[in-house]
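S.K.: from the sequence below, what's the structure:
(2 chains)
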2 protein chains.
Amino acid sequence: MKKWRRGDGRAILSGMPPLPSAPISVDDVLAARERVSPFLTPTPLRSHPALDAAIPGVTLLVKHENVQPTGSFKVRNGVATITALSAAERARGVVGATTGNHGLGLAFAGRQLGVSVTICVPRGNNPEKNAALRAWGATVIEEGDDYDAAIGVAQRLVESDGKTLAHSTNNVNVLAGAGTMTLEIHEQLGDTDSLDALIIAIGGGSQAVGALAVTQAVRPGLPVIGVQASGAPAVHDSWHAREPRRTDRAATFAEGVATRASYPLTLSPLIDGLADFITVTDAEIADAVRVILSTTHHLVEGAGAIGFAAARKLAPRLQGKRAGIIFCGANMDTTVLRRILNREL
Amino acid sequence: MKKWRRGDGRAILSGMPPLPSAPISVDDVLAARERVSPFLTPTPLRSHPALDAAIPGVTLLVKHENVQPTGSFKVRNGVATITALSAAERARGVVGATTGNHGLGLAFAGRQLGVSVTICVPRGNNPEKNAALRAWGATVIEEGDDYDAAIGVAQRLVESDGKTLAHSTNNVNVLAGAGTMTLEIHEQLGDTDSLDALIIAIGGGSQAVGALAVTQAVRPGLPVIGVQASGAPAVHDSWHAREPRRTDRAATFAEGVATRASYPLTLSPLIDGLADFITVTDAEIADAVRVILSTTHHLVEGAGAIGFAAARKLAPRLQGKRAGIIFCGANMDTTVLRRILNREL
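M.R.: Alright, predicted model coming up:
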């Protein structure tokens, strides 16, 4: 497997300049990979013939971020963020407001690097999630009635204790960390192998913006297609409107993509870079979880199944083609899984 | 990570000769690893803090064979077996009688190596399993009323077509392939890190005999402990009796360890090499599946959960210690998983 290194950015940029709106370049991703690789080994890129049989005429390659140490690609973002901090910033610690995979990624990175990590969650947050955060060594502060209140608590710790706020999306180190996933995909494909499309689930958009930064440099013709849940379509709607849109609710069990607004740092590059942006319903996501489980025996959370659900929806356009999808996370609560298997979702 | 190579066998053998009953040496395992490594990348050896929290006082390291391409360690055995065949044997093809992970391993190896693989299964075999075998390119022959009849069909193909029979256990290349897993564990641990015990699920015993061949060479003092399901205790009973014992039934949902008799090639080395041999109940295995799923979000089949179930049972003896366990397979049918989540198992 050929590995690109920092400084290769210009050499591998096949004549196409990065889009003006791009918040990161492929060199940022290569630099992030140098920081991340001592802590995270590449995840498999796999063909699953039994999964392919469930989508006739289409061949899939699956990137297995579900087997990351914290069960999601977000660990790349957490490690890329904390390794980019100065010694003084590391000594003061990092704070995040998140109840999910971003928090686990920060906690993992903090544990590996000896950096104190504090995660602010709203009161009544899922106790299993809190236990997982604590198991990775994070300090969990339960305060405030909702996510916005938890962000307020995190902000207070930034002001009072000088901690560094690690935003889950609006942060160039997060985007560069997320881009290391797509860098690995293209390296694993090599020079002779190829994809006809790359399908990326979008919550805040870190994974997709990272994918675009890398793909525009190393495979500029490859369409990157975004997907959201139809119950939480804020970024999808913003993309089609070409301006920020919000939604009042984020009604999907796929909590990894349950956002209510687009983010300043990611919306423009998504508008400029994505070839298309579609939505899938919760019923389609739940069915994708079941098919993935029965054909590959990998557990994926809703956001991790959304790529396969989208590939099925796009099957008429993908006939005879090969698409890359991401099992981007595994962290589904057992209660949700039980409902899916009992066909209550 | 230090990698041992073929020819290192004598050098790494720390003064302790292999047991006289050992059907393979560490050099056989090193040779198998050379054959296997072009097709299979090392699986992770991971710490899961949230899983540790479910077994107070004990630290676990988990070998993730559940993320092998076919969802079980048996793919090592299949690749090690087919790569050891001559060009003439490969041209005539390979036949196996198995309904499960061994068949998937052979099918994967045959697909990678361009070798025709035929799997004989009894009539009425699980259609999901048959579909998975066919998806990997195997020819599936459904004939005969039970597993013994399927073996007869396989034997007929050996005689009529000159195919090579690939037995799931009684085969030195299978044992050497299985040993590559434990070789990786010790390499991943390195010189400074260590285990206090290694717990291995036993069906036919390939995984355990492979583990013993390697461990006796590179960490001769490390206790290797065997586990079976209490509803299918033939090898366990044979070990304690120090002679072959059979059972009439193999009553466990953990089909990967559901054997009714010991095997000639593996029983003696198990008797000579295992530090202990215990059983766990199906209820304990089902609970282990649930705990593993909720704390690590990895799906494991019954045999894949049996190591954790055993570690819990051994917890009083493992206080303050670190044990290695194997998530040896993931291929649980969705219907069984649903019953486990609904606490019907």
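S.K.: backbone phi and psi for the closest residue to residue A:84 other than its chain neighbours, please?
M.R.: Distance criterion CB to CB, 6 or more residues apart in numbering or on different chains; nearest residue to residue A:84, sequence neighbours excluded, is residue A:173 at 4.5 Å. (Each C-beta comes from the backbone N, C-alpha and C, glycine too.) Per-residue torsions, residue A:173: phi -70, psi -30 (degrees, to the nearest 10).
S.K.: helix or strand right after the lowest-mean-pLDDT helix or strand in chain A?
M.R.: Lowest on mean pLDDT, DSSP states H and E among the helices and strands of chain A sits helix A:9-12, with a mean of 51. Per DSSP states H and E, the first helix or strand lying C-terminal to helix A:9-12 is helix A:26-36.
S.K.: how far is that following helix from where the chain is centred?
M.R.: Remark: helix A:26-36 is offset 16 Å from the chain centroid, using CA atoms, centre = their mean, to the nearest Å.
S.K.: who are the packing partners of it?
M.R.: Secondary-structure packing of helix A:26-36 (3 or more CB pairs under 8 Å, 6 or more residues apart in numbering or on different chains; DSSP states H and E): helix A:9-12, helix A:74-83, helix A:172-189, helix A:206-218.
S.K.: dump these into a markdown table; add distance to residue A:27 as well.
M.R.: Shown next, in a markdown table, are the helices and strands packed on helix A:26-36 (distance: least, CB to CB, whole Å):
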| stretch | distance to residue A:27 |
| --- | --- |
| helix A:9-12 | 4 |
| helix A:74-83 | 14 |
| helix A:172-189 | 9 |
| helix A:206-218 | 9 |
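S.K.: can you lay out the ones you listed as JSON lines showing mean neighbour count?
M.R.: Shown next, in JSON lines, are the helices and strands packed on helix A:26-36 (neighbours: other CB atoms under 10 Å in any protein chain shown):
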{"stretch": "helix A:9-12", "mean neighbour count": "13"}
{"stretch": "helix A:74-83", "mean neighbour count": "29"}
{"stretch": "helix A:172-189", "mean neighbour count": "26"}
{"stretch": "helix A:206-218", "mean neighbour count": "29"}
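S.K.: got the contact list for the residue of the stretch 151-300 of chain A found nearest chain B?
M.R.: Nearest to chain B, among the residues of the stretch 151-300 of chain A, is residue A:297, at 4.0 Å (CB to the nearest CB). Each residue near residue A:297 by CB atoms under 8 Å, 6 or more residues apart in numbering or on different chains is listed here: B:66, B:71, B:299, B:301, B:330-332.
S.K.: now narrow these to whatever sits close to chain A.
M.R.: Subset of the contacts of residue A:297 in contact with chain A: B:66, B:71, B:299, B:301, B:330-332, counting by CB under 8 Å from any CB of the partner chain.
S.K.: check what pLDDT the closest residue to chain B within the stretch 51-200 of chain A gets.
M.R.: Among the residues of the stretch 51-200 of chain A, residue A:135 lies closest to chain B, at 3.7 Å counting by CB to the nearest CB. Residue A:135 is assigned 95 on the pLDDT scale.
S.K.: swap in residue A:150?
M.R.: Model confidence at residue A:150, given as pLDDT, is 88.
S.K.: pretty sure it is in contact with residue A:96, am I right?
M.R.: No. Using CB atoms under 8 Å, residue A:150 is not in contact with residue A:96, being 9.4 Å away.
S.K.: got the residues of chain A near chain B?
M.R.: Counting by CB under 8 Å from any CB, chain A comes close to chain B at A:41, A:44, A:46, A:49-50, A:52-53, A:64, A:66-67, A:69, A:71, A:128, A:131-132, A:135-137, A:290, A:293-299, A:301, A:330-334, A:337-338, A:341-342.
S.K.: kindly recompute the last result at 6 Å.
M.R.: Chain A comes close to chain B at residues A:49-50, A:53, A:67, A:71, A:132, A:135-136, A:293-294, A:297, A:299, A:330-331, A:334, A:338, A:341, as judged by CB under 6 Å from any CB of the partner chain.
S.K.: got a quick ChimeraX command for the buried subset of those?
M.R.: Selecting only the buried entries of those in ChimeraX, with 16 or more other CB atoms under 10 Å in any protein chain shown as the criterion:
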select /A:49,50,67,71,132,135,136,293,294,297,299,330,331,334,338,341
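S.K.: can you tell me the closest non-neighbouring residue to the most centrally placed residue in chain A?
M.R.: The centre of chain A sits closest to residue A:207, judged by CA atoms, centre = their mean, with a distance of 4.2 Å. Nearest in space to residue A:207, with sequence neighbours left out and distances taken as CB to CB, 6+ apart, is residue A:178 at 4.9 Å.
S.K.: how much space between that neighbour and residue A:213?
M.R.: Note on residue A:178: its distance to residue A:213, by CB to CB, to the nearest Å, is 9 Å.
S.K.: coming back round to it: what residues are up against the residue of the stretch 51-200 of chain A closest to chain B?
M.R.: For residue A:135, the contact set (CB atoms under 6 Å, 6 or more residues apart in numbering or on different chains) comprises B:49-50, B:53.
S.K.: rewinding a little: what distance do you get for the residue nearest to residue A:84 to residue A:226?
M.R.: Between residue A:173 and residue A:226 the distance is 22 Å, computed by CB to CB.
S.K.: same question, residue A:345
M.R.: From residue A:345 to residue A:226 the distance is 23 Å (CB to CB).
S.K.: do residue A:151 as well
M.R.: Residue A:151 sits 25 Å away from residue A:226, going by CB to CB.
S.K.: neighbour-wise, which of those two wins?
M.R.: Legend: neighbour count by other CB atoms under 10 Å in any protein chain shown for residue A:151 and residue A:226, higher for residue A:226 (25 against 18).
S.K.: can I take it that that one is in a strand?
M.R.: Yes. Counting by DSSP: H, G, I helix; E, B strand; the rest coil, residue A:226 is part of a strand.
S.K.: what's near enough to touch it?
M.R.: So residue A:226 contacts A:200, A:202, A:208, A:274, A:277 (CB under 6 Å, 6+ apart).
S.K.: surely the first one meets residue A:211?
M.R.: Yes. With contact defined as CB atoms under 6 Å, residue A:200 and residue A:211 form a contacting pair (5.3 Å).
S.K.: just want to know which of residue A:150 and residue A:96 has more residues nearby.
M.R.: Neighbour count, other CB under 10 Å: between residue A:150 and residue A:96, residue A:96 has more, with 28 against 24.
S.K.: returning to what we had before: ok, and the most crowded of the contacts of residue A:226?
M.R.: Counting neighbours by other CB under 10 Å, the top entry in the contacts of residue A:226 is residue A:208, with 31 neighbours.
S.K.: what's the closest non-adjacent residue to that one?
M.R.: residue A:200 (4.4 Å).
S.K.: okay, that neighbour: pLDDT?
M.R.: Turning to residue A:200, the model gives it a pLDDT of 98.
S.K.: for the helix or strand hosting it, which strands pair with it and how are they oriented?
M.R.: Assignment of secondary structure by DSSP H and E places residue A:200 within strand A:197-201. Using DSSP bridges, strand A:197-201 pairs in its sheet with strand A:224-229 (parallel), strand A:322-326 (parallel).
S.K.: got the angle between that strand and helix A:172-189?
M.R.: Interaxial angle, strand A:197-201 versus helix A:172-189 (axes from the mean of the first three to the mean of the last three CA atoms, to 10 degrees): 140 degrees.
S.K.: which outside residues touch strand A:197-201?
M.R.: Applying CB under 6 Å, 6+ apart, the external contacts of strand A:197-201 come out as A:207-208, A:211, A:222-227, A:257, A:303, A:306-307, A:310-311, A:323-325, A:328.
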